[in-house]
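Peer 1: need a structure here:
(one chain, ligands or ions: 2)
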Amino acid sequence: MSAKTNVRIFDTTMRDGEQSPGAAMTLADKVELGRQLDAMGVDIIEAGFPAASNGDFEAVRAVGEVLENAVLCGLSRAGPKDIERCAEAIRSAGRRRIHTFISTSPIHRKHKLNMDAEQVLDAITASVTLARNFTDDVEWSAEDATRTERDYLRRAVEAAIRAGAKTINIPDTVGYSFPDEYRAVFEDLIANVPGADAVIFSAHCHNDLGLAVANSIAAVQGGARQIECAVNGLGERAGNAALEEIVMAFKVRGEALPFETRVDGPQLLRTSQMVSRITGFPVQFNKAIVGKNAFSHESGIHQDGMLKHAQTYEIMRPEDVGQGATSLVMGKLSGRHAFKKKLEELGYSISDNALVDAFQRFKELCDRKRHVFDEDIIALVDDQISHAADSIQVARLRVVAGTDGPQTAEIDLKVDGEQIWKTARGNGPIDAIFNAIKEAAPHEAQLDLYQVHAVTEGTDAQAKVSVRLSSNGRSVSGTGADADTLVASAKAYVAALNRLRGLGNRTNAQHSAA
Ligand code: KIV
Ligand code: ZN
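Peer 2: Ligands and ions are numbered 1, 2, ... in the order given. Sure, this is the predicted structure:
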């Protein structure tokens, strides 16, 4: 038996993470990610904010249907309507939690809630009591806890415990705390609030000062036994504590931190790539644990040390987090069987029909690119998975570019099964492509971001393009990958358009309603 103490990992990628502008997820995205988080060993999955919209409600419910081990959690403000809606969304899940919150800091009480301290205490008691009618597993959060008067925070936590909350979350909502201060809050509450020994304390840190992971670890040292975090550190503003960094901190520094989580390290990279694909948010190259460069050694001194002994410059092995050495995979002559095996190795299980399609695309890529790497296959299959069900698809693209304008794009789009051909000019080839798409599928959305990344090195590398569009207060991202940057750009734009269509009446403004 392990001598280490378990720390619960509460994933909020689909709730706080989704609150990042442009990171909205569809129901299908959430189901896919929920399955993966569950398989990876996350303990609690906060799948959304059911009262925010019908879309969020349905997505929370659908995630609950696929979870095998993890607890399904829905977020709810303190009002009865929110709590009842949340209870309804999680009702059929095997293990279910209502997470209800209210602000406790003086600035939020006065300017956001317009309530006095006693009214907030009454709301805590009423909300937790109501939530307990629907499930024994109720979590209560003191929003903006770290800017709350300490004696008042003790009273608020005591009210929540008395009303039946089993988990008490102390968020650093604005990412303001230092680790020693945050740790002291937990030590104080655990030592001084009646009933504290019977509940689990939880950390929830935002990264405004880049301290979210450090603060979460400090909270555990101060007695917290649950950490709320998000894959790739996604979340409001500068994001939440990054799940992968927390998990690996406990694994790598076991001698200093006698704690463990249930999360399977080798699945971290795959999960990170899934979140990046779904949200269209690229992972920065130097991102800890899951960045492309996290295990690359450039300087001669480092490379020399690595060759002599890997631990000279590596505190964990790439395979511990699912990063394999970049491997040259296969080429033109590889058969379908070998390709299928490669996909399995990379963690994909796709239907026979999808395999036929992926194999065909792989062969086409081999004709266009000298060396095909694992990353190329991942980009290719991810691209296929994300666009398979799209109602608008790029069927054909032809572009005239170069010094002698006008730059022109000619596009065939399939819109709800109907083939539409349009041509347009633009200020450069990308502008021309986007104008042609607008002609073929008229919309009001505005382009907020356009980014290109190379999937691997070399001039024949595949391009991965991210596009962010916004319309009526909604902001969405789409990605596209192709050996041709212009085709990847068209696919990314169309992917974002599909997302806007798919989200219907959902908004990103969940938190503003809180
Ligand atoms: O940051 C925060 O305070 C939150 C709460 C709703 C838990 O996300
Ligand atoms: Zn938050």
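
Peer 1: could you dump the lengthiest helix in the chain to CSV, C-alpha only?
Peer 2: Ranked by residue count and defined by DSSP state H, the top helix of the chain is helix 485-503. Extracted in CSV, the C-alpha atoms of helix 485-503 (Å, rounded to 0.1, in the frame of the first residue of the first chain):
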residue,chain,number,x,y,z
THR,A,485,-1.1,26.4,-45.8
LEU,A,486,-3.9,27.9,-47.8
VAL,A,487,-6.0,24.8,-47.7
ALA,A,488,-5.4,24.6,-43.9
SER,A,489,-6.5,28.2,-43.6
ALA,A,490,-9.8,27.5,-45.5
LYS,A,491,-10.4,24.5,-43.3
ALA,A,492,-9.8,26.4,-40.1
TYR,A,493,-12.1,29.2,-41.1
VAL,A,494,-14.8,26.8,-42.0
ALA,A,495,-14.3,24.8,-38.8
ALA,A,496,-14.9,27.9,-36.8
LEU,A,497,-18.0,28.7,-38.8
ASN,A,498,-19.3,25.2,-38.1
ARG,A,499,-18.7,25.7,-34.4
LEU,A,500,-20.7,28.9,-34.5
ARG,A,501,-23.6,27.0,-36.1
GLY,A,502,-23.2,24.1,-33.7
LEU,A,503,-23.3,26.2,-30.6
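
Peer 1: average pLDDT across that helix?
Peer 2: Averaged over helix 485-503, pLDDT sits at 92.

Peer 1: Who are the packing partners of it?
Peer 2: helix 374-387, strand 392-400, helix 429-440, strand 446-454, strand 463-471, strand 474-482 (3 or more CB pairs under 8 Å, 6 or more residues apart in numbering; DSSP states H and E). C-betas here are computed from N, CA, C, even on glycine.

Peer 1: swap the cut-off to 10 Å and go again
Peer 2: helix 27-40, helix 374-387, strand 392-400, strand 407-415, helix 429-440, strand 446-454, strand 463-471, strand 474-482 (3 or more CB pairs under 10 Å, 6 or more residues apart in numbering; DSSP states H and E).

Peer 1: After the one helix or strand Asp151 maps to, which helix or strand is next?
Peer 2: Assigned by DSSP states H and E, Asp151 belongs to helix 150-163. As assigned by DSSP H and E, the chain's next helix or strand after helix 150-163 is strand 167-172.

Peer 1: quick one, domains of the chain?
Peer 2: Residue ranges for each domain of the chain read 5-279, 323-386, 389-503, as given by automatic domain parsing.

Peer 1: ok, Leu75 - contacts?
Peer 2: 12, 15-16, 46-52, 56, 60, 82, 86, 97-101, 139, 141, 510-511, 514 (CB atoms under 10 Å, 6 or more residues apart in numbering).

Peer 1: And for it, nearest residue in space, chain neighbours not counted?
Peer 2: Spatial nearest neighbour of Leu75, excluding adjacent residues (CB to CB, 6 or more residues apart in numbering): Phe49 at 4.5 Å.

Peer 1: Would you mind giving both backbone torsions of the one you found?
Peer 2: Torsion angles at Phe49 (phi, psi; degrees, to the nearest 10) stand at phi -130, psi 80.

Peer 1: Go ahead and confirm it touches Gly74.
Peer 2: Yes - Phe49 is within contact range of Gly74, at 7.1 Å (criterion: CB atoms under 10 Å).

Peer 1: Need the overlap of contacts for the two.
Peer 2: Arg15, Asp56, Phe57, Val60, Asp82, Arg85, Cys86, Ala89, His99.

Peer 1: So which residues of the stretch 101-250 of the chain form helices?
Peer 2: Secondary structure of the stretch 101-250 of the chain (DSSP state H, counting those that start in this stretch): helices at 106-108, 117-132, 150-163, 179-192, 212-221, 243-252.

Peer 1: Alpha carbons of the last one, as CSV, please.
Peer 2: It stands for helix 243-252. Taking C-alpha atoms only, helix 243-252 is exported to CSV below (Å, rounded to 0.1, in the frame of the first residue of the first chain):
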residue,chain,number,x,y,z
LEU,A,243,-3.6,19.9,-14.6
GLU,A,244,-0.6,18.3,-16.2
GLU,A,245,1.9,20.4,-14.2
ILE,A,246,0.2,19.5,-10.9
VAL,A,247,0.1,15.8,-11.6
MET,A,248,3.8,15.7,-12.6
ALA,A,249,4.9,17.9,-9.6
PHE,A,250,3.5,15.2,-7.3
LYS,A,251,5.1,12.4,-9.3
VAL,A,252,8.5,14.0,-9.8
